[in-house]
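*Asks:* got a sequence here, can you model it:
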Amino acid sequence: MRLVLYQPDIPQNAGTILRLARCLGVAVDVVEPTGFVWSEPRMRRAGMDYLEFAAVTRHASWAAFLAARGPGRLVLATTGGATPLPDARFAADDHLILGRESAGVPDMVHDAADARVRIPMAADARSLNVAVTAGIVLAEALRQTNGWPLDTRADADAE
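*Replies:* Numbers count the residues shown, from 1 in each chain. Prediction:
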């Protein structure tokens, strides 16, 4: 399972997603260009000290990502998705794609996706924050594939 950030444009969201991915043992692909300088302190603030341990691969373009990616489906999280998240079926080698906060993804990414998933929302809601979306979709995908990391923290039973 991998998260794919398509041209992220808000460093705090990218940092939060990298922290999420690190904590859940999931690798991240970043399709550039980003809308910010990658080492920007705001991204580090959101990702805290997790960023240095996150498994991140940066790709110069969508074409470079497609050429380098391994096996597995491309699953796009999108407000225009045909499949509501509760009906989606995930596989352990899926690549979960998240678009830019400001513009989503272009048609070529929609066209390349093997599946398009949407999170059901209230009728008057426009969209969720991309980091929140990442957490919701990734949690469901890990649940379905039994992909949650083994919790080996000494205090896990006390919580």
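*Asks:* just give me the residue closest to the centre of the protein.
*Replies:* With distances taken as Cα atoms, centre = their mean, the chain has residue 3 as the residue nearest its mean C-alpha position (3.7 Å).
*Asks:* for residue 86, phi and psi?
*Replies:* When quoted as degrees, to the nearest 10, the phi and psi of residue 86 stand at phi -60, psi -20.
*Asks:* ditto for residue 76
*Replies:* phi -90, psi 130.
*Asks:* test my guess that it contacts residue 105.
*Replies:* Yes. Judged on Cβ atoms under 8 Å, residue 76 makes contact with residue 105 at a distance of 6.8 Å. C-beta coordinates here come from the backbone N, C-alpha and C atoms, glycine included.
*Asks:* looking at the two, which is more packed in?
*Replies:* Remark: of residue 76 and residue 105, residue 76 carries more neighbours, 26 against 22, as counted by other Cβ atoms under 10 Å.
*Asks:* any chance you could map the helices in this protein?
*Replies:* Counting by DSSP state H, residue ranges of the helices within the chain are 11-24, 41-47, 62-68, 107-112, 130-144.
*Asks:* need the winner for burial among those.
*Replies:* Neighbour counts (mean count of other Cβ atoms under 10 Å) averaged over each of the helices of the chain peak at helix 11-24, with a mean of 22.
*Asks:* ok, for residue 133, nearest residue in space, not its chain neighbours?
*Replies:* residue 77 (5.3 Å; Cβ to Cβ, 6 or more residues apart in numbering).
*Asks:* good, wrapping up.
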